[in-house]
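quick one, fold the following:
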Amino acid sequence: MSTATVHDSDRARAETRLARRLVAPALILMLLVTAFPMLRALYLSLFSYTLTAPDDRSFVGLGNYWTALSDKLFWQDTFNTVLIMVITVLFELVIGFAFAMVMHKVIFARGVIRTSILIPYGIITVVSGFAWQFAFSNTNGFVNGWLPFVGDDFNWFSNTSSSLAAIMISEIWKTTPFMSLLLLAGLAQVSEDMLEAAKVDGASWWQRLWRVILPNMRTAIMVAVLFRALDAYRIFDNMGLYAGAVLAAFFTSMILVIISGYRTPEEAAQLQAAGVPVADLEGPMAAASPGTLIAAAQTRAAGEAG
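Below you'll find the predicted structure:
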């Protein structure tokens, strides 16, 4: 081994040690910020207690996990959540890629077009949720009038499939711009020289898309899908807003967690089976008895029906 090779090897090791020392503070801080809440949550999951009485708790070990995994309601809500995640991310990927192509190729009014596409993502989720709840209303909404295959008095929140469809449509409309923004960054990394070379070789637009553009965007697509999948799985905003109209059978796992956090498993099942809105479980009535909450929900439903 020559002297130059030994010198380069020592230099590489020294640079590696320096890089580790520079990264170590940020890595330690990140571990403290992320690892502590996870370990704390894991520790608390071994106890049985309600959030309204944190000091009154008892150690149950893995009992909470067994209760959840053996509960049909848990698996139904998990299925709803996964279904919403898969379908919304799939549609957002396709539509977002089309928007990204438009934003990348457009020549005239590029700033106006990009801003127009990104506007839905800039709207507060609560505002967009209320807007879509109004749009799907069977009394004063406009969606029923636009769709020829549904009646004017069709209630989107009267059954499982239509309720999930309404929720997924509002979610797709809100977050597709975020997906297109991530994919646009990936499109910017595709070499124009490669596209021109493929075009000169006689490749069609589809061939350039599948053989050049998509392979070079693999990393950007993976990042976009991962970010949106994680975000879609913890969906709560729209479900929380629609809780007054959506029955318990259409809840997601995040809403089930909130209900279970403030109630015993028996109370949580009783409240969810009765269709008590999540808003009642988060507001001033959070500490009320299950009977009071159910009575309030039934009175509200009777008033709306009348």
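
which residues touch residue 85?
229, 232-233, 235 (Cβ atoms under 8 Å, 6 or more residues apart in numbering). Using the backbone N, CA and C atoms, a C-beta is placed for each residue, glycine as well.

kindly export stretch 121-136 (C-alpha atoms) in CSV.
Extracted in CSV, the C-alpha atoms of stretch 121-136 (Å, rounded to 0.1, in the frame of the first residue of the first chain):
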residue,chain,number,x,y,z
TYR,A,121,-54.0,23.4,0.5
GLY,A,122,-53.8,26.9,2.0
ILE,A,123,-57.3,26.9,3.3
ILE,A,124,-57.7,25.9,6.9
THR,A,125,-59.0,22.4,7.2
VAL,A,126,-61.9,23.4,9.5
VAL,A,127,-63.0,25.9,6.9
SER,A,128,-62.8,23.5,4.0
GLY,A,129,-64.5,20.8,6.1
PHE,A,130,-67.5,23.0,6.8
ALA,A,131,-67.6,24.1,3.1
TRP,A,132,-67.8,20.5,2.0
GLN,A,133,-70.3,19.6,4.7
PHE,A,134,-72.5,22.3,3.3
ALA,A,135,-71.9,21.1,-0.3
PHE,A,136,-73.0,17.6,0.6
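
avg pLDDT for it?
Averaging pLDDT along stretch 121-136 gives 84.

test my guess that residue 172 contacts residue 94.
No - between residue 172 and residue 94 there is no contact under Cβ atoms under 8 Å: 10.2 Å.

count of residues packed around residue 20?
Residues near residue 20, counting by other Cβ atoms under 10 Å, number 10.

spatially nearest residue to the most centrally placed residue in the chain (excluding sequence neighbours)?
Nearest to the mean C-alpha position of the chain, by Cα atoms, centre = their mean, lies residue 232 at 1.6 Å. Spatially, and ignoring its direct neighbours in sequence, residue 232 is nearest to residue 85 (4.2 Å; Cβ to Cβ, 6 or more residues apart in numbering).

tell me the pLDDT of the one you found.
Note on residue 85: pLDDT of 89.

next structured bit after the longest helix along the chain?
In the chain, ranked by residue count with DSSP state H as the criterion, the top helix is helix 3-44. Using DSSP states H and E, the helix or strand that follows helix 3-44 towards the C-terminus is strand 47-50.

just the buried residues from the contacts of residue 85, in ChimeraX please.
The following ChimeraX line selects those of the contacts of residue 85 that are buried, judged by 16 or more other Cβ atoms under 10 Å:
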select :232,233,235
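
can you tell me which of the contacts of residue 85 are in helices?
Cross-referencing these against helices under DSSP H gives 229, 232-233.

now the residues you listed as TSV including pLDDT and distance to residue 60?
Formatted as TSV, the ones in helices among the contacts of residue 85 follow (pLDDT from 0 to 100; distance: Cβ to Cβ, whole Å):
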residue	pLDDT	distance to residue 60
229	90	32
232	86	31
233	84	26
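
which of these sits closest to residue 205?
Nearest to residue 205, judged by Cβ to Cβ, of the ones in helices among the contacts of residue 85 is residue 229 at 28.9 Å.

verify the contact between that closest one and residue 88 for me.
No - in this structure residue 229 lies outside contact range of residue 88 using Cβ under 8 Å: 9.2 Å.

what bits of the chain have low per-residue confidence?
Within the chain, the ranges that satisfy pLDDT under 70 run 1-8, 51-52, 239-306.

how about the strands of it, start to end?
Here the chain has its strands, by DSSP state E, at 47-50, 53-59.

most tightly packed of these?
Most buried of the strands of the chain by mean neighbour count (mean count of other Cβ atoms under 10 Å) is strand 47-50; its value is a mean of 15.
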